[in-house]
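*Asks:* Have a look at this prediction, sequence included:
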Amino acid sequence: MKSIASAPGKIILFGEHFVVYGMKAVLCSIDKRITATSQFIDEKVIRVRSSLGESEISIDSSNNLEKVQQKFMKPFFYIAQKAVKENSIKNGIELVLESEIPPGVGLGSSSAACVAATASVNGLFCKLSKNEVVKIAVQAERTIFEQNSGADSSVSTFGGLVSYDLKNGFENISSRNDLSFIISNSAQVHNTQDVVRQVKNFKEKNDELFNKLCKLEIDIVDDAMLSLKDNDLNKLGSLMLKNHDLLKQIGISTEKIDLLVQEAKKTAYGAKITGAGGGGCIISLIDDSNSEDTLNNLRKISDCFVTKIDYSGLRYS
Ligand code: MEV
């Protein structure tokens, strides 16, 4: 018996990093997924295979996550060990992850992998609700990234266009905006945890400035919520550029990223970093009127693709 589940990646429209300090973020899931397939195996091991590598640990060793060589694999062993313990099984589990989402570029690949893996592994025993899945997925991701806000896992699980803050969790933005974005990859791979730590250092050294930037972020997000209701692409685009400027001020942009944003804003409604930054991707807001021109411009300097909002979130198959 195989248990298969898939979960989408995400982009952050507004509020990355500031969400870690309690501000509201706006994000959506995208039409690129990670699929997790689990099955019982005879060997008494938990084996995880992904395009990035293969690793296994014994099912008896209940607390040996520290021994996992490849750090990015830890969350998956956490998920599988928890399921093994709670269901006291004698045989092992193999988990295979297949991804359409490039890793380490701000598109939520590790959260999507945790969500899909949680649903798939537990589906071998009984299907969990989306609320149960997101809880375990966030705990799993926190084994390697303690400050994780939970925003990425929430949108990957529930799908759609949502707002998220630490206190209230996620909330659907009910207007079904048919937004389109170009995602351009700077090809500069980042480590989310390192960039979040870098922002923490910035905050500690520049407390007053950081508080000022938080207030500006709150205004941007408030305006963005209204502009989403009105489907006002011009306003949304200019708010994205303002948000990019705040992200630059906290030190998470790069020369390449700024160049991409400069190019994009010649024809798109607006553009900004999405996700942790320190490289990674930018998003450009487009529609039919400017999609081709923007793509042509950006393709000269980066790999790009067009994406739309995914409204389904976690799917069992
Ligand atoms: C990463 O996609 C988004 C950050 O805000 C971190 C987080 O929310 O956990 C940088």
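*Replies:* Structure received.
*Asks:* Could you pull up the residues touching residue 109?
*Replies:* Going by C-beta atoms under 8 Å, 6 or more residues apart in numbering, residue 109 touches 9, 34, 99, 101, 102, 103. All C-beta spots, glycine's among them, are computed from the backbone N, C-alpha and C.
*Asks:* sorry, that was for residue 78
*Replies:* With C-beta under 8 Å, 6+ apart as the criterion, the residues that contact residue 78 are 65, 139, 140, 143.
*Asks:* What's the local residue count around the closest residue to the third one other than its chain neighbours?
*Replies:* Using C-beta to C-beta, 6 or more residues apart in numbering and skipping the chain neighbours, the partner closest in space to residue 140 is residue 75 (3.8 Å). By the other C-beta atoms under 10 Å criterion, the neighbourhood of residue 75 contains 28 residues.
*Asks:* same question, residue 300
*Replies:* When neighbours are counted by other C-beta under 10 Å, residue 300 registers 8.
*Asks:* how near is it to residue 32?
*Replies:* 23 Å (C-beta to C-beta, to the nearest Å).
*Asks:* Also residue 139?
*Replies:* Going from residue 139 to residue 32 by C-beta to C-beta gives 24 Å.
*Asks:* Which stretches in the stretch 151-300 of the chain count as strands?
*Replies:* Per DSSP state E, counting those that start in this stretch, the stretch 151-300 of the chain carries strands over the ranges 161-165, 169-172, 180-185, 270-274, 281-286.
*Asks:* CA atoms only for the third one, dumped as PDB, please.
*Replies:* What that stands for is strand 180-185. Extracted in PDB, the C-alpha atoms of strand 180-185 (Å, rounded to 0.1, in the frame of the first residue of the first chain):
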ATOM      1  CA  SER A 180      -0.600  36.300 -12.100                       C
ATOM      2  CA  PHE A 181       3.100  36.700 -11.200                       C
ATOM      3  CA  ILE A 182       6.400  36.100 -13.000                       C
ATOM      4  CA  ILE A 183       8.800  34.300 -10.700                       C
ATOM      5  CA  SER A 184      12.500  35.100 -11.600                       C
ATOM      6  CA  ASN A 185      15.200  33.100 -10.000                       C
END
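*Asks:* Are it and the ligand in contact anywhere?
*Replies:* No: using C-beta under 6 Å from any ligand atom, strand 180-185 stays clear of the ligand, coming no nearer than 13.4 Å.
*Asks:* Now do the contacts for the nearest residue to residue 182 once chain neighbours are set aside.
*Replies:* Distance criterion C-beta to C-beta, 6+ apart; nearest residue to residue 182, sequence neighbours excluded, is residue 284 at 4.5 Å. By C-beta under 8 Å, 6+ apart, the contact list for residue 284 reads 181, 182, 184, 264, 265, 268, 269, 270, 271, 294, 298.
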